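Visitor: below is the sequence, then the predicted model.
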Amino acid sequence: MDFPWFVWPICLFFFTFIIGILAPISGVGGGVLFVPLATALFPINLDFIRGTGLIMALLSALSSAPQFLKEGLANIKVMAPIVIVSMIASVVGGILGLWITNNVPSGKEYVEIALGIVLFMIFAVYLFSKRLENPPERKPDFISQALNINGQFYDRYLDETIKYRTSRMPVAIPAFVLIGLLAGMFGMGAGWANVPLLNLVLGVPIKVATSTSMLVISVNDASASFVYLANGALLPMIIIPCILGTTIGARIGTKIATRTKPQHVKYLVMAIMLIAAVVDIEKGISGLKIF
Amino acid sequence: MNIGKEPKAYVDPANLRFAKTMEVMTLIGLATFALVGILYFSGIHDLDSLRTVTQNWNKPSAEFWSVTTGASIGGIGWFMHHWSFSDALCMLCVGFLGLVPFFSIALTLPKALTRYKVVFGILTIEFAVIVIWSLMFGAGGAG
């Protein structure tokens, strides 16, 4: 298809604008929607799509984290021991992803198939993971104790100051490494996995988990972005309309979400995600020409 | 529900320093990025013509740059060499935004408790090594 060049940034803008609206309403991360859908719909190489996904997730985290920090919801004490290792993992993920698509024969197809499989995993997490508003306090582990990882925030709805401590950090850290690896490799923010880990394993309240997840994403994605930058996997032609579209869309989506958060929108978005997963796997398999 | 009430919880000064740094630097980065973005889409001084980009963006990154500019990618050199072009300026802005968490961590160091000074110190060095290694030595991957 030989469209004039300017059609593409306009399409990308409207595409990410819709994602921007849907993300806050459904609670499904924008990056998680962008990478598989753009892979399925646009004739753009996966390298550039992943690079853009990473920058979109980074900017979204950079824009929201400061407010969460000021309100005491995001906590750098919780973030610090996690990102010491997950930062390296996301850089390794970025290198691995780019190496496979550029150096392995049919590497792009393998990554597309892997992306589809990861999407099924994300779908399952969204479907089955629970959320604990304020998890009961558990005995802190040695890392949490040594660093005295604790925090407090004022819950306006309960009119109460909520205090918390972390536990089971040694169990959570290896999981964060794996998530960092996937985030770097596929260019997705990793809120879908960070939040349940922070909430259910480390035992921090759900509001702190969603906010601190933004801090973890900002550090992981920022470090991985240098790998994509150094490898030329970032194109202004894609990044600029996508950032603009998501930013404007998210503002509208957030306003809608504060008034209504219909459950069926979440299911609709999850269904779209499933279709994207199937399309990505199908694209990968047909590219391999094994059938 | 008590919307509008002041927060009644203690917020660590290190959290506040981190937030302030992140907020200010993100704002500067985004404003610069917007200006450079306008320059890029005006097509006045682009390294790659806008048409060439869309005709070749289905190629892997290494092949894309080789076909469109003849450049062999890897590290900062390939776009610093063309720094005056708006494409390269956009990439520099992205690099600046990527450094926001680094500066946030580094500038929080003095406000942090002693044990966190060590943790943030390690994080700062780690981040710096990643950036230098990626930009100076190409980081591996596509090239």
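Guide: Right, received. Where do you want to start? Numbering: from 1, shown residues only, chains lettered A, B, ... in the order given.
Visitor: centroid-nearest residue for chain A?
Guide: The centroid of chain A falls nearest to A:Gly189 when counting by C-alpha atoms, centre = their mean (1.9 Å).
Visitor: now that residue: closest residue in space that isn't a chain neighbour?
Guide: In space, and not counting its chain neighbours, A:Gly189 is closest to A:Ala57: 3.1 Å by C-beta to C-beta, 6 or more residues apart in numbering or on different chains. Using the backbone N, CA and C atoms, a C-beta is placed for each residue, glycine as well.
Visitor: does that neighbour touch A:Asn220 like I think?
Guide: No - using C-beta atoms under 8 Å, A:Ala57 is not in contact with A:Asn220, being 9.0 Å away.
Visitor: between the two, who's got more neighbours?
Guide: A:Asn220 (34 against 30; other C-beta atoms under 10 Å in any protein chain shown).
Visitor: check contacts around that one.
Guide: A:Val83, A:Ser86, A:Met87, A:Ala89, A:Ser90, A:Gly180, A:Ala183, A:Gly184, A:Ala190 (C-beta atoms under 8 Å, 6 or more residues apart in numbering or on different chains).
Visitor: hmm, 6 Å instead?
Guide: A:Ser86, A:Met87, A:Ser90, A:Gly180, A:Ala183 (C-beta atoms under 6 Å, 6 or more residues apart in numbering or on different chains).
Visitor: what's the host helix or strand of A:Ala250 packed up against?
Guide: Secondary structure assigned from DSSP states H and E places A:Ala250 in helix A:236-259. Applying 3 or more C-beta pairs under 6 Å, 6 or more residues apart in numbering or on different chains; DSSP states H and E, we find helix A:236-259 packed against helix A:7-26, helix A:46-70.
Visitor: looking at the contacts of A:Asn220, which one is closest to A:Ala61?
Guide: Ranked by distance to A:Ala61 (C-beta to C-beta), the contacts of A:Asn220 are led by A:Ala183 at 11.2 Å.
Visitor: tally of neighbours for the closest one?
Guide: With other C-beta under 10 Å as criterion, A:Ala183 counts 31.
Visitor: if I look at the residue lying closest to A:Ser167 once chain neighbours are set aside, what pLDDT would I see?
Guide: Using C-beta to C-beta, 6+ apart and skipping residues adjacent in sequence, the residue nearest A:Ser167 is A:Arg138, 4.1 Å away. You'll see A:Arg138 listed with a pLDDT of 87.
Visitor: and A:Arg138, backbone torsions?
Guide: phi -120, psi 170 (degrees, to the nearest 10).
Visitor: that one is in contact with A:Arg168, isn't it?
Guide: No - counting by C-beta atoms under 6 Å, A:Arg138 does not reach A:Arg168; the two are 7.3 Å apart.
Visitor: the two: which has the busier surroundings?
Guide: Legend: neighbour count by other C-beta under 10 Å for A:Arg138 and A:Arg168, higher for A:Arg168 (18 against 13).
Visitor: from A:Ala175, how far out is the nearest residue to the more buried one once chain neighbours are set aside?
Guide: Excluding its sequence neighbours, the residue lying closest to A:Arg168 (C-beta to C-beta, 6+ apart) is A:Val201, at 5.3 Å. Distance, A:Val201 to A:Ala175, by C-beta to C-beta, to the nearest Å: 7 Å.
Visitor: does the helix or strand of chain B with the lowest mean pLDDT come close to chain A?
Guide: Least confident helix or strand, chain B: helix B:77-80 with a mean of 73, by mean pLDDT, DSSP states H and E. No - if you take C-beta under 6 Å from any C-beta of the partner chain as the test, helix B:77-80 misses chain A, and the best it gets is 6.9 Å.
Visitor: how about the nearest residue to B:Met136, chain neighbours excluded?
Guide: B:Gly75 (5.8 Å).
Visitor: next one: B:Ile122
Guide: A:Ile84 (6.2 Å).
Visitor: who does the longest helix belonging to chain B touch, helix- and strand-wise?
Guide: Ranked by residue count and defined by DSSP state H, the top helix of chain B is helix B:13-42. On a contact count with 3+ C-beta pairs under 6 Å, 6+ apart, helix B:13-42 meets helix A:46-70, helix B:86-98, helix B:100-108.
Visitor: okay, buried residues for it please.
Guide: B:14-23, B:25-26, B:29-30, B:32-33, B:36-37, B:39-41 (16 or more other C-beta atoms under 10 Å in any protein chain shown).
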